[in-house]
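> coordinates only, no sequence provided:
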């Protein structure tokens, strides 16, 4: 089987890592060729060709028409295979990083190719600057990472015969066992961007034992994320919180893992959800926030996440509720406007009422300034501290961080089996066989995708640029 993988680049990052592991998993089962829009920083251990017209718009020196780019892609393929490939496997082609790519794919389909379009990230999901009103390619196969995205695309018009689920393989963490007395870090192994909800990790530090520190590994790179990060570092120092930063920069990651009692996650948004799977590979307990729309796939596969919490209730008197409501309304309407959508005022009011039902709200819904207001109150007043415990009894676990060896071993074995390279190979070969053997007639209604990803329930102030401050 001859398979061509197509992406904008092979820079370090999630999609590049997935492509490399997919090719590695297939081994001798296929002849693989990677086509990228720019030369890799270092040559990969598999054949590749460069087609500059596939690069990000911002990196392209000249703009060829889509048909010319498609011709260049064909030339690159034929220079290697000398004939038509069986599969053209595109990664993230609908994200909008290259404004000609959708039309390039349409040219390929018109010429008889049956590309497989694997979506890792949606422009409709909080990336309006990448969103295009051009239709997505029709009559070709699509693939997604999780059941949430699968169900959205079914609702938007795709048919089961032309839509495939391809979970990412999981690479075991490079972890050795540290001595018990040296394990003093509650580790959040993450780049500290806003959607990772750093304030909640700081809140959890108030409930851990005094000898333990919440440790965050990597710094962000984007301007607003960096501003938020610097503010959290200043706040932590000013208030004497047991939170440390840059652990993955100042030490080798393997050494940081040895010091970890456990790992945590407080993220409010994930694409695939490696954070829920990777810790078990080195027998580390995971604590923190569960994301039901992501984790349902893992739980169906017998990953036990029942000890994670789904919300942290904060009494409304702990922060400025009027400010929250004002910010939320403004940010939600701004988010919709960037996609040329209008907010339904009735739905907005109904949703806001549901958020504060029972006189409390989930901590992750607050903006950073309101989160800091809550943390000051909880850290500075014993009565507030105990009220938070009364509202959220599970927070006691963070003073103990007790390992459950049965959960650890069950989850480790399950991750090793279900998300292995062997399982990845079997899944890919099964999908490729279906793509080769079945012509599909389908299209995506982009408005439905927009509405699904931009329902009021999906709106968080931590995902809104103008909510910062």
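On my side now, so go ahead. Note that the structure is a prediction, hence the values are computed from the model and not measured.
> residue 150 reaches residue 166, doesn't it?
No: judged on C-beta atoms under 8 Å, residue 150 makes no contact with residue 166 at a distance of 10.2 Å. Every C-beta, even on glycine, is put in place using the N, C-alpha and C of the backbone.
> count of neighbours near the closest residue to residue 197 other than its chain neighbours?
Nearest-residue entry for residue 197: residue 266, 4.3 Å, with adjacent residues in sequence omitted and distances by C-beta to C-beta, 6 or more residues apart in numbering. Residue 266: 24 surrounding residues under other C-beta atoms under 10 Å.
> identify the residues contacting residue 266.
By C-beta atoms under 8 Å, 6 or more residues apart in numbering, residue 266 lies in contact with 188, 196, 197, 198, 200, 201, 204, 288, 289, 364.
> got a winner among the residues you listed for most neighbours?
Going by other C-beta under 10 Å, residue 198 tops these with 31 neighbours.
> what helix or strand is residue 4 on?
Using DSSP states H and E, residue 4 sits within strand 2-6.
> quick one: name whatever helix or strand follows that strand.
Using DSSP H and E, the helix or strand that directly follows strand 2-6 along the chain is helix 14-26.
> helices of the stretch 351-469 of the chain, start to end?
368-380, 382-391, 397-400, 405-418, 421-437, 446-453 (DSSP state H, counting those that start in this stretch).
> pLDDT score for residue 339?
At residue 339, the pLDDT value in this model is 93.
> just give me the neighbour total for it.
The number of residues near residue 339, taken as other C-beta under 10 Å, comes to 17.
> confirm it sits in a helix?
No: with DSSP: H, G, I helix; E, B strand; the rest coil as the criterion, residue 339 is assigned coil and is not in a helix.
> next, give phi and psi for it.
phi -110, psi 10 (degrees, to the nearest 10).
> farthest residue from the center of the chain?
When distances to the mean C-alpha position of the chain are computed (C-alpha atoms, centre = their mean), the maximum falls on residue 82, with 37.7 Å.
> return the distance of that one relative to residue 14.
Distance, residue 82 to residue 14, by C-beta to C-beta, to the nearest Å: 33 Å.
> sorry, back to before: could the helices of the stretch 351-469 of the chain go into JSON lines alongside distance to residue 259?
Listed next are the helices of the stretch 351-469 of the chain as JSON lines, based on distance: least, C-beta to C-beta, whole Å:
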{"stretch": "helix 368-380", "distance to residue 259": "24"}
{"stretch": "helix 382-391", "distance to residue 259": "27"}
{"stretch": "helix 397-400", "distance to residue 259": "17"}
{"stretch": "helix 405-418", "distance to residue 259": "18"}
{"stretch": "helix 421-437", "distance to residue 259": "29"}
{"stretch": "helix 446-453", "distance to residue 259": "38"}
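> ok, residue 292 - contacts?
Taking C-beta under 8 Å, 6+ apart, one finds residue 310 in contact with residue 292.
> confidence score at it?
Reported pLDDT for residue 292: 96.
> and for residue 14?
88.
> over to the one 10 residues further on?
At residue 24, the pLDDT value in this model is 95.
> wait, it sits on residue 420?
No: in this structure residue 24 lies outside contact range of residue 420 using C-beta under 8 Å: 11.6 Å.
> now for the contacts of residue 266, which pair is the farthest apart?
Greatest spatial distance among the contacts of residue 266 (C-beta to C-beta): 188 and 364, at 14.3 Å.
> in the helix or strand hosting residue 232, what's buried?
According to DSSP H and E, residue 232 maps onto helix 223-238. Using 16 or more other C-beta atoms under 10 Å as the burial criterion, the residues of helix 223-238 that qualify are 225, 228, 229, 231, 232, 233, 235, 236.
> contact partners for the fifth one?
In other words, residue 232. 192, 198, 199, 202, 368.
> ok, the last one - contacts?
Neighbour list for residue 368: 194, 199, 228, 231, 232, 462, 468 [criterion: C-beta under 8 Å, 6+ apart].
> any chance of those residues in CSV, plus pLDDT and distance to residue 45?
As requested, those are exported to CSV (pLDDT from 0 to 100; distance: C-beta to C-beta, whole Å):
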residue, pLDDT, distance to residue 45
194, 95, 35
199, 98, 41
228, 96, 38
231, 97, 42
232, 98, 39
462, 95, 38
468, 71, 42
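> which stretches of the stretch 201-350 of the chain have low pLDDT?
The stretch 201-350 of the chain contains no residues with pLDDT under 70.
> next, please give the residue ranges for the helices of it.
Going by DSSP H, counting those that start in this stretch, the stretch 201-350 of the chain shows helices at 223-238, 247-250, 253-259, 278-281, 292-300, 321-337, 345-355.
> quick one: the fourth one to chain centroid distance?
Average the C-alpha atoms of helix 278-281, do the same for its chain, and the two points are 17 Å apart (C-alpha atoms, centre = their mean, to the nearest Å).
> other SSEs contacting that helix?
helix 405-418 (3 or more C-beta pairs under 8 Å, 6 or more residues apart in numbering; DSSP states H and E).
> in the helix it packs on, what counts as buried?
407, 408, 411, 412, 414, 415, 418.
> just give the nearest non-adjacent residue to the fourth one, would you?
Among residues not flanking residue 412 along the chain, residue 280 sits closest, at 4.5 Å (C-beta to C-beta, 6+ apart).
> Provide a list of residues in contact with the one you found.
Counting by C-beta under 8 Å, 6+ apart, residue 280 touches 286, 303, 408, 411, 412, 414, 415.
> residue boundaries of the strands in the stretch 101-250 of the chain?
With DSSP state E, counting those that start in this stretch as the criterion, the stretch 101-250 of the chain has strands at 116-118, 141-144, 163-165, 185-191, 213-218, 243-244.
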